[in-house]
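1. Predicted model follows, preceded by the sequence.
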Amino acid sequence: MDCFDDVREKALARFSLIAPLLAEGLDAAERRRRRREILASTTISDRTLRRYLAAYRKQGFAGLLPQTRSDKGKRRKIPDDVFKHAAKLKEELPERSTLRVLDILVGEKTIKPGEIARSTLARHLARLGLTRRAKSSGTGSRRFQKEHRNKLWQADIKYGPYIVHPQNPQKKLRTYLVAFIDDASRLICHGQFYLEQKLAVLEDCFRKAILKRGIPEGVYIDNGKIFISRWFRLASAKLGIRHITAAPYSPEAKGKIERFNRTVEEFLAEVSLSQPKTLEELNKAFAAWVEEGYNHRPHSALDGQTPAERFQSDVNPIRFATLEECREAFLWEETRRVDKTGCLKLCGKIYEAGIDLIGKTVDVRYDPFDLAEIEIWHNGRKHCLARELIISETSSAKPKEDAGQPDRTASAKPSRLLAVLEQKAIARRKMRLGAIAYRQLGGGDDSV
């Protein structure tokens, strides 16, 4: 293909993007919907899309032809030292997007915000073979979106990275990411890595999401075993949440959470540089990334708003749950028989039920994440609270650390993007605390 054909191909590609917006008789709402769909399926910005439209309306197809510059191939707006820095960041982690490279450059104060356009940097990196084309499967599916926040949440579980076993450095443990996303705003209500993919971790994540963002009207999940379990459906019902299961093989069902899962691949690539040793380290890095690198970042499907801005600006009232309401809704319940010593066993632990219940069958309600205290019910009434019975004060000797074990993270190095996002998260928390303190002194309302 010669240069002229290449130019025409680019113009045709631009026309195919704006074609849905050129149809006659479109009302404002339909035009906005089509624009959102275009931006969600491509990597161009809203500003670029508007520029293409204006050029076509003014000059027709010729307005879409790329203009050849006399200084083509030369970097006029990017200093050599800055470009070398950017190229090094791409070489360090090829999966790192151009937008994230700019985040690092701004976060490290190498450049000022807005000093270099993403498209400009991407173009020069592409000439060095340091960018990757966005791939599209070419398949389509029906799109849907709720109008208001907390009308519908979507949830999913994704495989995470391995971390070193705390008791055996030679062994690695797989982690699993559980996340809930608000359908209307794309806000991640809560997401967290766990060491298992069981019902307890799903409920733990759901409870934290509810305490942070309020109670959704419905939760949309797939047909996985833990998602359709009786306990999860029961907890949802107690809080007045509709439990909706997706039809098998329906891509539109959980499209937003699955799209977020693809975005998480960026985090996994970044965190692979630092190789976190513990689950706490992994979740600390993820919390900063999801807030600053996702929730507070402009989203192409939200007309340039961030998920946090869209969620906060929604007028739909939020229905909150108290700590006690959440605790009660997510309690598990099992039946046990009290032995001749007045005790019962639960989850490998022994609890004292009382001599008045010897030989009787009781219902036990408990939080699987906090087994220090359980509720014992008999004949439909709460009988007592029972704490774990400690049989012996003797504890096992702490295993000796093997000084000869190799340090598998010796080659690890911190992710510069995650470091930048963590600093942003710290700054945002300080601002929030400052606003709260000001409000308490009578300085005004806290809208953070």
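-> That came through, no problem.

2. how close does Glu203 get to Ala209?
-> 11 Å (CB to CB, to the nearest Å). The way it works is simple: take the backbone N, C-alpha and C, and place the C-beta from them, glycine included.

3. do Glu265 as well
-> Glu265 sits 22 Å away from Ala209, going by CB to CB.

4. If you count surrounding residues, which of the two has more?
-> Ala209 (25 against 11; other CB atoms under 10 Å).

5. Name the residues that touch the one helix or strand the more buried one maps to?
-> Ala209 belongs to helix 199-213 when assigned by DSSP states H and E. Residues outside helix 199-213 that contact it (CB atoms under 8 Å, 6 or more residues apart in numbering): 150, 153, 155, 157, 176, 178-180, 182, 187, 189-192, 194, 216, 219, 226-227, 229, 231-232, 235, 239, 311, 318, 321, 323, 326, 329-330, 368-369.

6. Next step: those restricted to strands.
-> Using DSSP state E, 153, 155, 157, 176, 178-180, 182, 189-192, 194, 219 are the members of these that sit in strands.

7. Closest one of those residues to Asp27?
-> Set against Asp27, the nearest of the ones in strands among the contacts of helix 199-213 by CB to CB is Asp182 (26.9 Å).

8. quick one: pLDDT of the closest one?
-> The model reports Asp182 with a pLDDT of 94.

9. what pairs with it across the strands?
-> Residues in a beta bridge with Asp182, per DSSP bridges, are Trp153.

10. Okay, domains of the protein per the record?
-> Here the domain parsing of the chain from automatic domain parsing is 3-64, 80-127, 153-322, 331-387.

11. For the ones in strands among the contacts of helix 199-213, which single residue is the most surrounded?
-> Counting by other CB under 10 Å, top hit in the ones in strands among the contacts of helix 199-213: Trp153 with 31 neighbours.

12. re earlier: for the domains of the chain, which one sits closest to Lys430?
-> Lys430 sits nearest to domain 153-322 of all those, at 13.4 Å, using CB to CB.

13. What is the distance between that closest one and the centre of its chain?
-> Offset of domain 153-322 from its chain centre (CA atoms, centre = their mean, to the nearest Å): 5 Å.

14. Determine how far the last residue of it lies from the first.
-> 19 Å (CA to CA, to the nearest Å).

15. from the ones in strands among the contacts of helix 199-213, which is closest to Lys77?
-> Gly191 (36.9 Å).

16. Any chance you could list what contacts the helix or strand containing Asp81?
-> Per DSSP H and E, Asp81 falls inside helix 80-92. Contacts of helix 80-92 with the rest of the structure, by CB under 8 Å, 6+ apart, involve 75, 78, 96, 98, 101-102, 104-105, 110-111, 116, 121, 124-125, 128, 130-131, 273, 416.

17. Among these, which ones are in strands?
-> Per DSSP E, the subset of the contacts of helix 80-92 in strands is empty.

18. ok, of those residues, which come out buried?
-> When the contacts of helix 80-92 are checked for burial by 16 or more other CB atoms under 10 Å, the buried set is 78, 96, 98, 101-102, 104-105, 110-111, 116, 121, 124-125, 130-131, 273, 416.

19. quick one on the thing from earlier: next one: the helix holding Asp81 to chain centre, how far?
-> 28 Å.

20. can you list the weak-confidence ranges in the stretch 1-150 of the chain?
-> 1-9, 12, 24, 68-76, 131-145 (pLDDT under 70).

21. got the residue ranges for the helices in it?
-> With helices called from DSSP state H, counting those that start in this stretch, the stretch 1-150 of the chain shows them at 3-18, 28-41, 46-59, 80-92, 98-107, 118-127.

22. What of the stretch 301-448 of the chain?
-> Counting by DSSP H, counting those that start in this stretch, the stretch 301-448 of the chain has helices at residues 307-313, 323-329, 416-440.

23. who wins for proximity to Ala55 among those?
-> helix 307-313 (29.6 Å).

24. Please enumerate residues in contact with the closest one?
-> Contacts of helix 307-313 (CB under 8 Å, 6+ apart): 149, 182, 184-188, 213, 294-297, 299, 302, 305, 447.

25. what comes up buried for it?
-> Pro307, Ala308, Glu309, Arg310, Phe311.

26. Now tabulate those residues in CSV and tack on distance to Phe15 and pLDDT.
-> As requested, those are arranged in CSV below (distance: CB to CB, whole Å; pLDDT from 0 to 100):
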residue, distance to Phe15, pLDDT
Pro307, 31, 93
Ala308, 35, 93
Glu309, 32, 94
Arg310, 30, 94
Phe311, 35, 94
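
27. Check those against Ala28 and report the nearest one.
-> Arg310 (18.9 Å).

28. how far away is the closest one from Leu125?
-> For Arg310 relative to Leu125 (CB to CB), the value is 31 Å.

29. which regions of the stretch 201-350 of the chain sit below the pLDDT cut-off?
-> Applying pLDDT under 70 to the stretch 201-350 of the chain flags residues 223, 246-254.

30. please redo it, this time with the cut-off set to 90
-> 218, 220-263, 266, 270-277, 293, 297-304, 315-316, 321-330, 332-333 (pLDDT under 90).

31. which among the contacts of helix 307-313 end up buried?
-> For the contacts of helix 307-313, buried by 16+ other CB under 10 Å: 149, 182, 184-188, 213, 294-296, 299, 302, 305.

32. With distance to Ile257 added, can I get the residues you listed in a markdown table?
-> Shown next, in a markdown table, are the buried ones among the contacts of helix 307-313 (distance: CB to CB, whole Å):
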| residue | distance to Ile257 |
| --- | --- |
| Arg149 | 16 |
| Asp182 | 10 |
| Ala184 | 13 |
| Ser185 | 13 |
| Arg186 | 10 |
| Leu187 | 12 |
| Ile188 | 9 |
| Arg213 | 15 |
| Tyr294 | 12 |
| Asn295 | 14 |
| His296 | 19 |
| His299 | 14 |
| Leu302 | 16 |
| Gln305 | 19 |
